[in-house]
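Engineer: give me coordinates for this.
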Amino acid sequence: MVVIPGGLLVLYFLFNPSDHSFFVACPIHAATGYYCPGCGSQRAIHQLLHGNIGTAFWLNPLLMITLPVIIYALGQKAYNFVFDTQYRVGIFYNKLFIYGYFGLAILYWILRNLSYYPFTLLSPTNGP
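Structural biologist: Now for the predicted structure:
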């Protein structure tokens, strides 16, 4: 259960996706030239694992603000597994959260592809 995610974290820690071609490139960016909401996430994870929080945030701010929720949800899942409980992460069942997050991702997708300052700062290539 933790072998594959743990192995991926080790892989992202040891190898910089910017320098190695065996990492999967974004198919949306390759096909259209536009950045999707996930573009820069692999490089951001690499930077985060090395303690470079600022650089990780510049590469993909949406990922960085989403990670605490993901970590909490995975922790809840692990707790349920270990203690044989069935607690749920309530916000994942809240329509306002789901629609709000989806809207935020769409807005982020649009804004990071605008060629006007300050939106150019959202591009995963225009970090610090």
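
Engineer: what comes up buried for the longest helix along the chain?
Structural biologist: The single longest helix within the chain, with elements called by DSSP state H, is helix 61-83. Under the neighbour-count criterion of 16 or more other Cβ atoms under 10 Å, helix 61-83 has Pro61, Leu62, Leu63, Met64, Thr66, Gln76 buried. In this view, the C-beta of every residue, glycine as well, is placed from N, C-alpha and C.

Engineer: check stretch 31-41 too.
Structural biologist: Within stretch 31-41, the residues scored as buried using 16+ other Cβ under 10 Å are Tyr35, Cys36, Pro37, Gly38, Cys39, Gly40, Ser41.

Engineer: same question for stretch 88-98.
Structural biologist: Neighbour counts over stretch 88-98 (16+ other Cβ under 10 Å) mark Val89 as buried.

Engineer: what's near enough to touch the most centrally placed residue in the chain?
Structural biologist: Among the residues of the chain, the one closest to the centroid is Leu63, at 3.1 Å (Cα atoms, centre = their mean). Leu63 is in contact with Gly38, Gly40, Ser41, Ala44, Ile45, Ala56, counting by Cβ atoms under 8 Å, 6 or more residues apart in numbering.
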